[in-house]
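[1] generate coordinates for the sequence data below:
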Amino acid sequence: MDGRVLAHQRLARVRRLYGVAHPHLAQPRSTDTTRGATESHTPDRQVFLHSSLDLPAHLRLDGRFRAISHIANQQVPAYAELNAQLTWQPTATLDLSIVGQHLLHRRHAEFGALAMRRDIERGVYGLIEWRF
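    Residues are numbered from 1 along each chain as shown. Just a heads-up that it's a prediction; the model follows:
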């Protein structure tokens, strides 16, 4: 889907991606007794959705949703998260934004062995982008 066109003006854009990974790490003559089970740190399924909406008054709203399946060998449960960014562009060379990350949960695990894992926390910050 390339976005929605209203009155010949492009207002919204949507991109999506679905990924499936099935790594085959076991080799026929390998001496690895785990058959590669400890080597794959990739979730089996990943879904990404990015939407961007142009608003009046030089504003743009971007949203990024992702859903990730569990990572069995790291005991990381499946999760879904949402990031959002509201940008005001007062001039052609200046963007002022407020960004929210990991908005669906206070915290969640994304990777790492259980004993060493740090949870990823929700966050909000400001962003200034000046192009010259």
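[2] low-confidence ranges, the protein, go.
    Counting by pLDDT under 70, the low-confidence segments of the chain come to 1-10, 22-28, 30, 32-40.
[3] do that again at 80, thanks
    1-12, 19-42, 72-73, 112-115 (pLDDT under 80).
[4] give me the distance between the residue nearest the centre of it and R60.
    The geometric centre of the chain, computed from its C-alpha atoms, lies nearest to R66 (Cα atoms, centre = their mean), at 4.8 Å. Taking Cβ to Cβ, to the nearest Å as the measure, R66 falls 20 Å from R60. Every residue, glycine included, has its C-beta placed from N, CA and C.
[5] before we move on, what about M116?
    Using Cβ to Cβ, we find M116 at a distance of 38 Å from R60.
[6] residues contacting V124?
    For V124, the contacting residues are I98, V99, G100, Q101, taking Cβ atoms under 8 Å, 6 or more residues apart in numbering as the criterion.
[7] hmm, try it at 10 Å
    V124 makes contact with A84, I98, V99, G100, Q101, H102, L103 under the criterion Cβ atoms under 10 Å, 6 or more residues apart in numbering.
[8] ok, those residues vs G19, which is closest?
    Ranking these by separation from G19, with Cβ to Cβ as the measure, puts H102 on top at 20.1 Å.
[9] the closest one touches E81, doesn't it?
    Yes: with the criterion set as Cβ atoms under 10 Å, H102 and E81 qualify as a contacting pair; they are 5.1 Å apart.
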